[in-house]
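K.L.:
just need the structure, nothing else, for what follows:
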Amino acid sequence: FQMDTTPESYLDLFPLDAIVYLTPDSENVLEDIDPDKVYVLGGLVDESIHKQLTLRRAQEQSLQTARLPIREYMVKAPNSRNYHSETLAINQGEGLLRVFDILCTYYETRSWPAALKAGVSSGKGYVLREVAEQ
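P.N.:
Residues are numbered from 1 along each chain as shown. Have a look, this model is predicted:
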């Protein structure tokens with residue numbers, strides 16, 4: 001896979017119908033990765049203040065959106081802080097690499113459970129369904 005950063009806008013680099021904007025607020029679940037698509041990893045640190053901002057941005061730009069299938073393959077784990085978040089802080093270096101790793105792992109294994117297990121930290125308050133059922 002190739003991941004590039006550039007000061008140019010993705011809107012200037014790719015056709016709109018080739019872009020899929022990944023946002024945790026999308027109603028569309030990313031079921032598979034299409035090698036003919038360009039996936040934009042969009043995000044912000046403070047999800048409580050900027051809720052749905054990335055989704056609105058994508059909609060304003062007439063882009064397809066999708067979210068990682070966290071709800072479909074993971075469940076909320078009981079924890080003392082009662083904290084659960086499907087939002088990964090991807091504008092921070094580590095978080096960006098985590099999302100990229102999830103996508104790469106899925107593409108290699110074709111397994112969302114394997115990809116999510118590798119990329120969603122336990123600090124997010126989620127565990128794989130199969131782990132929770134044991």
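K.L.:
quick one: the helices in the chain, in order.
P.N.:
In the chain, the segments counted as helices under DSSP state H are 10-13, 53-60, 70-73, 93-109, 112-119, 129-132.
K.L.:
in this protein, which residue is most central in space?
P.N.:
Leu68 (4.4 Å; Cα atoms, centre = their mean).
K.L.:
distance of it from Val120?
P.N.:
Applying Cβ to Cβ, to the nearest Å, the value for Leu68 to Val120 is 8 Å. Every C-beta, even on glycine, is put in place using the N, C-alpha and C of the backbone.
K.L.:
tell me, how many residues neighbour Ile33?
P.N.:
Number of residues near Ile33 (other Cβ atoms under 10 Å) recorded here: 15.
K.L.:
residues in contact with it?
P.N.:
Tyr39, Leu103, Tyr106, Tyr107 (Cβ atoms under 8 Å, 6 or more residues apart in numbering).
K.L.:
quick one on the thing from earlier: now render the helices of the chain as TSV, adding distance to Pro35 and mean neighbour count.
P.N.:
Shown next, in TSV, are these (distance: least, Cβ to Cβ, whole Å; neighbours: other Cβ atoms under 10 Å):
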stretch	distance to Pro35	mean neighbour count
helix 10-13	17	12
helix 53-60	21	16
helix 70-73	22	17
helix 93-109	8	16
helix 112-119	16	19
helix 129-132	28	12
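K.L.:
and of these, who's closest to Val20?
P.N.:
Closest to Val20 of the helices of the chain is helix 53-60 (Cβ to Cβ; 9.0 Å).
K.L.:
now the closest one: mean pLDDT?
P.N.:
Computed over helix 53-60, the mean pLDDT rounds to 90.
K.L.:
same question, stretch 109-119
P.N.:
92.
K.L.:
go on, stretch 65-75?
P.N.:
91.
K.L.:
can you dump the C-alpha atoms of that stretch in PDB for me?
P.N.:
In PDB, the C-alpha atoms belonging to stretch 65-75 read as follows (Å, rounded to 0.1, in the frame of the first residue of the first chain):
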ATOM      1  CA  THR A  65     -18.300   7.900   3.300                       C
ATOM      2  CA  ALA A  66     -17.700   4.700   5.300                       C
ATOM      3  CA  ARG A  67     -16.700   3.700   8.800                       C
ATOM      4  CA  LEU A  68     -14.700   0.900  10.100                       C
ATOM      5  CA  PRO A  69     -16.900  -2.100  11.100                       C
ATOM      6  CA  ILE A  70     -16.200  -1.700  14.900                       C
ATOM      7  CA  ARG A  71     -19.900  -2.100  15.900                       C
ATOM      8  CA  GLU A  72     -20.300  -5.200  13.700                       C
ATOM      9  CA  TYR A  73     -17.300  -7.100  15.100                       C
ATOM     10  CA  MET A  74     -16.700  -5.700  18.600                       C
ATOM     11  CA  VAL A  75     -18.700  -5.100  21.700                       C
END
